[in-house]
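**Q** Here's my sequence, what's the structure:
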Amino acid sequence: MTGAIDPGAGSGPPDPGAGPPVLDCPACDRLTFVLAACPCTSGGDRLLVDVGQWGDGEAYQDCQLCQGVGTLPQPCHRCRQTGRLRAQLVLTLANVDTGAVASANVVPGVVEPARWPGDGGSWHLPLAPLLRELASTVGAASWTEAGNPPRSPDGPVVLLPSRWRPDLPPQTRAALEAEAIASHGHDAWQLFLGRSAAEPPPDPARDLARRCRLADLLRLDLVLEARRRHPAADLTWHLRYEVPGGPVSTDALGGADDLAGAIVATGDLDALYDLQARGRAAPAHYLTGGDRPPVDPPAVDLDQLERRMLADCTDLHTGALTAGAQAIWRDGRWWHTSLRVADTAETFTESGTGQIYRRETSILRRGWQPPAPSWRGPPVPYVDCPDCDPHSRLRRCDCLLLAERADPDCPKCSGAGRSPSALPCDTCRDSHRLYRDLTVTLTDLAGRVTHLHWQVDRHGWRAGDLTWRGDEHTWQTGEQGWRAGERLSAPHVATQPGGKPVHQLPDPFRLATWAGFFGVRPDDLTELDGGGEVRHDLRKGIVTLPHPGADPLTEYLHQASRGQPGARLFVLARRPDVPPLADLIRLVLGLRLTVTVTLVDHVDNAGDLRLVQGEGWDVNIEPPGLPVAPDTLPARPTPEAAIGYCLEHLELAVARRVPDDPTQPIPVPQTPAPVAVDDPVPLIRRLARHHAGQPVAVHYDGRTCRLLLWERGGVRQLCTAPTLPTALTTLGIDPR
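**A** Residues are numbered from 1 along each chain as shown. This next block holds a predicted model:
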C-alpha cells in the first residue's frame, strides 16, 4: 500500500451515539429456540410416504426424532439465537474498477414509504432511489448483487405490515417500519458490485443466434425446452447444451417463465454446466469435418420459435397437454419435437424420522428424433468397465487399491472384491465404459475451437485436430506427431512409491501444448463443465501404468475419458475475467475488511512430474480483528483463479462482518477515495522464492502489511510495515 485506511472512519450508523432499534424476536419471543413441527408431520402417521401426497399433519407415532409428539425444539434461526432482531439494513455499492465504496443505512425514518405499484392498499420502502444515489456516488453505470443470480437491480423489497398507514402516530409508524426492516435480518448487509461502464441491454434474439453458432463449433446440440413439472403445471423454460443422441434430461431445476427470460438468465457456462452427467448415456462417435460452420450467426425469429414450441406442448390430434416441447439446433437448423411421458421411475429414501419416502419421476422421451448430425463419424470402441456392476451399487472394494487380491478379512467385501458404495465408480465414473479413444474440445467460447482426436489405431498412436480458426474463417484439419507405421514413444520419467511406472506422452497428447494456440497459460485451462481445474496429468501428459507391460496411451485415454460424455473432454482455454489483485485489495479495504494473499512456490518440485508443479495461490477475506491462521494449503494455480474464487464468495465475508450482538450496529462503510495499493503479485513471488515449498502470505488490515510464514508449528510473523515494498526491504529483499 502507499497509504492507509482508518477502519473507524466513515463507518457506523449516521448517529454514532444511538444504535439501530432492537426488537424482540416474534418467532421465539426471546427464548432463542422454537418448537417447530417435526418433519414426520408432513407425511402423517405412515411408514411409506409418497412425495407430493402429504398427510394431514399428524405425527408419525414411531418417529425416531420426536417419538410421536409432533414437535421438536430447534434453535431460532431468524434471530440467530439471540432472542432479538436488529432493525437495520445496510446497502453497499462498490465500484470494482475504482475501489470506491458508498453505503446507505436503512433504519426507520430514513426512507419515505410509498404505495406498492398496482396495489392501492399496500405500502413499502422504495430502495431503488438509494441504490441509484450510491451508484452515482461511486461512478457505477451498472451493478449486480454479489453472490446472487441476476435479478432486479432495485435492491430488496421491504414490504410494510398491512397495519401501516400514513395517518398513524409517528412512533407507531416507526415501530411498524422497524418490524419490516428487521424481517431482513437474515441478509442485513447486502453488497452490490458495480462497473464504471454500462452493460449493453440484453438482446435475447442476438444472444440466441450467437449460441447457435457456438453449438455448431462445439459440435453440440443447443436445446431449448419448455417443460411441465406436473401435468397441469405451467411451463418452465430452459436452455442448455447436450451431446447428440442422449436421452431427455430428468433433472431440469429452476427455469424461466418464457423463452426470452431463459436466454437472458442462462450464461454460456450455465448452459454447459452438468454436461457430463447429461451426456453419460449418449453414444460416443468420432467427429468428422461435416458441414462448414457458419461465419456469421444465423438469424433467429424469437416469437416464431416460441409459438412453435407452445404449439408442440399440446397434442395435435387429442388436444391434451403434453409434458413439454424441445427445439434442437443441429446442423444449422431447428428441429422441433414434443416431449412425452415414456415411463416412471421410483426412488426410495429413508428419512431421519424412520419413514420411507417414495418419489416417482417421469422419464420423458422425444416424440420425434432429429436425424443424426452430418459431422458424426463411426462409433468409438470401448470395453465394459471391470470394476462396477451396471445393475447395482457394487463397486471394486477399497481393499484392492493396494493389493492384487481381495482381503478375506475385509469388513466391506469379506474377500469378494466388490462392496456396495454410494459413490460413483472410480474407474468409469458410472458410465460403465472404458473408451479406447478420446476427442478433446478446447474453446475460448468466443469463436475459437479446436477438436483433438487422440486414438490408438493399427498403425500406432494418432493425434489429429479439427480446428476452427475464428480469425481465418476456415476449417483446418491435420495430424500432429504421427506417421503411418511409426509408434510414438512415451518415455519412463518416474516411479511411484508403490513401484508403478510413470510415463509421459509426447507433445500432441499434452493439453499444455495447445494452451498457446489460445494465448493462455497451461494453468488457465479449466473444465468447461463446472470450471474445475484441468488435472496436472492431462496438462503434462502423465500416466501411471497399473503394471510395466501396459500401453501408456491406452491407459492414458482410459483415465482421461472416464465419465466424459460421448468420449469427449471439454476444456475452457480462457483467462479469468477478474480485476487485478491490487484492485481487489483496494476494494476489500474500502469495505472495512481484511485480506490475506497466500502463495507457495513449488520450484523445488521441478523435474519430478509426480509432484505438484508451479505455484499455489489463495486470497482470503475476513472481518477485522480475527487471527490469521492457515485453513488449507493454497491450491489455485494462478492469482487470477484465486481472485475469481474469492469474488464468488465475497458476500460470505460481508455476512461474517455483521455483529452477532443485535445491539451493535452493522458497519456502514464509506470510501469515496480509496488508497492506492502496490501490485503484490511480483513482490510476494520474490518472498515465496526465498521460502520455496512453504506458504508465505501478506495480510492487509487497512493500516499495515504483515508478512507471514506458514510453518509446521503454526504461523510465524516475519515483519510489519506500512507498505509491502517497505516490508520486503526490511527483510533484505529488493522489491524492484
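
**Q** How many residues are close by residue 162?
**A** Residues within reach of residue 162, counting by other Cβ atoms under 10 Å, total 10. Where C-beta positions appear, they are placed from N, C-alpha and C, glycine not excepted.

**Q** Do I have it right that it meets residue 122?
**A** Yes. The criterion here is Cβ atoms under 8 Å, and residue 162 meets it with residue 122 at 7.5 Å.

**Q** And the helices in the stretch 501-650 of the chain, which stretches?
**A** 511-515, 536-540, 552-561, 581-590, 639-648, 650-656 (DSSP state H, counting those that start in this stretch).

**Q** quick one, which of those helices is nearest to residue 24?
**A** Nearest to residue 24 among the helices of the stretch 501-650 of the chain is helix 650-656 (23.0 Å), distances taken as Cβ to Cβ.

**Q** Where does the prediction get shaky in this protein?
**A** 1-18, 119-120, 149-152, 290-295, 457-488, 630-631 (pLDDT under 70).

**Q** biggest helix in it by residues?
**A** The residue-count maximum for a helix in the chain (DSSP state H) belongs to helix 204-218.

**Q** in the stretch 251-400 of the chain, which spans are helices?
**A** 259-265, 268-272, 275-278, 302-312.

**Q** Each with direction, which strands does the longest strand along the chain pair with?
**A** What stands out as the longest strand in the chain, according to DSSP state E, is strand 333-350. Strand pairing for strand 333-350, using DSSP bridges, gives strand 324-330 (antiparallel), strand 356-366 (antiparallel).

**Q** distance between the first one and the chain's centre?
**A** Distance of strand 324-330 from its chain centroid, counting by Cα atoms, centre = their mean, to the nearest Å, is 26 Å.

**Q** can you give me the angle it makes with helix 302-312?
**A** Note on geometry: by axes from the mean of the first three to the mean of the last three Cα atoms, to 10 degrees, strand 324-330 and helix 302-312 are set 130 degrees apart in direction.

**Q** Helix 204-218 and strand 324-330, what's the angle between them?
**A** 60 degrees.

**Q** of all the helices of the stretch 501-650 of the chain, which lies closest to residue 318?
**A** helix 552-561 (44.4 Å).

**Q** which strands and helices sit next to that closest one?
**A** strand 433-435, strand 438-443, strand 449-457, helix 536-540, strand 542-544 (3 or more Cβ pairs under 8 Å, 6 or more residues apart in numbering; DSSP states H and E).

**Q** So which residues make contact with that helix?
**A** 434-438, 440, 454-456, 461, 488, 490, 503, 505, 509, 537-538, 541, 543-546, 567, 569 (Cβ atoms under 8 Å, 6 or more residues apart in numbering).

**Q** cool, and stretch 30-49?
**A** By Cβ under 8 Å, 6+ apart, stretch 30-49 touches 24, 27-28, 54-63, 65-66, 69-76, 79, 81-84, 351-358.

**Q** go with 7 Å
**A** For stretch 30-49, the surrounding residues in contact (Cβ atoms under 7 Å, 6 or more residues apart in numbering) are 24, 27-28, 54-61, 63, 65-66, 70-76, 81-84, 351, 353, 355-358.

**Q** any idea which of the strands paired with strand 333-350 is most buried?
**A** strand 324-330 (a mean of 23; mean count of other Cβ atoms under 10 Å).

**Q** Just the CA atoms of that strand, as PDB, please.
**A** The C-alpha trace of strand 324-330 is given here as PDB (Å, rounded to 0.1, in the frame of the first residue of the first chain):
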ATOM      1  CA  GLY A 324     -43.400 -30.200 -22.900                       C
ATOM      2  CA  ALA A 325     -41.500 -29.500 -26.100                       C
ATOM      3  CA  GLN A 326     -38.000 -29.000 -27.400                       C
ATOM      4  CA  ALA A 327     -36.300 -27.000 -30.100                       C
ATOM      5  CA  ILE A 328     -32.900 -28.500 -31.000                       C
ATOM      6  CA  TRP A 329     -30.400 -26.600 -33.000                       C
ATOM      7  CA  ARG A 330     -28.400 -29.100 -35.000                       C
END
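
**Q** tell me, what residue is most central in the protein?
**A** residue 530 (6.1 Å; Cα atoms, centre = their mean).

**Q** and it, how far is that from residue 649?
**A** 16 Å (Cβ to Cβ, to the nearest Å).

**Q** what's the answer for residue 172, then?
**A** 41 Å.

**Q** the strands in the stretch 1-150 of the chain, which residues?
**A** 22-24, 33-37, 48-50, 71-75, 84-86, 89-95, 101-106, 114-115, 123-125, 142-145 (DSSP state E, counting those that start in this stretch).

**Q** Show me the one of these that comes nearest residue 346.
**A** strand 48-50 (9.9 Å).

**Q** in that closest one, what's buried?
**A** Using 16 or more other Cβ atoms under 10 Å as the test for burial, strand 48-50 gives residue 49.

**Q** repeat for stretch 229-243
**A** 235, 236, 237, 238, 239, 240, 241, 242, 243.

**Q** just stretch 629-649 next, same as before
**A** Per 16+ other Cβ under 10 Å, stretch 629-649 contains these buried residues: 630, 634, 636-647.

**Q** Now the residues you listed in TSV, please, with extra columns for distance to residue 731.
**A** Formatted as TSV, those follow (distance: Cβ to Cβ, whole Å):
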residue	distance to residue 731
630	20
634	20
636	25
637	26
638	25
639	21
640	27
641	27
642	23
643	25
644	30
645	29
646	26
647	30
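
**Q** any idea which of those residues is the one closest to residue 592?
**A** residue 646 (16.7 Å).

**Q** correct me, but the closest one touches residue 621?
**A** Yes. Contact criterion Cβ atoms under 7 Å: residue 646 and residue 621 qualify, at 6.2 Å.

**Q** Can you get me a residue count around residue 268?
**A** 17.

**Q** Next: residue 428.
**A** 23.

**Q** List phi and psi for it.
**A** phi -120, psi 0 (degrees, to the nearest 10).

**Q** quick one: contacts for it?
**A** By Cβ under 7 Å, 6+ apart, the neighbours of residue 428 are 385, 388, 434, 562, 563.
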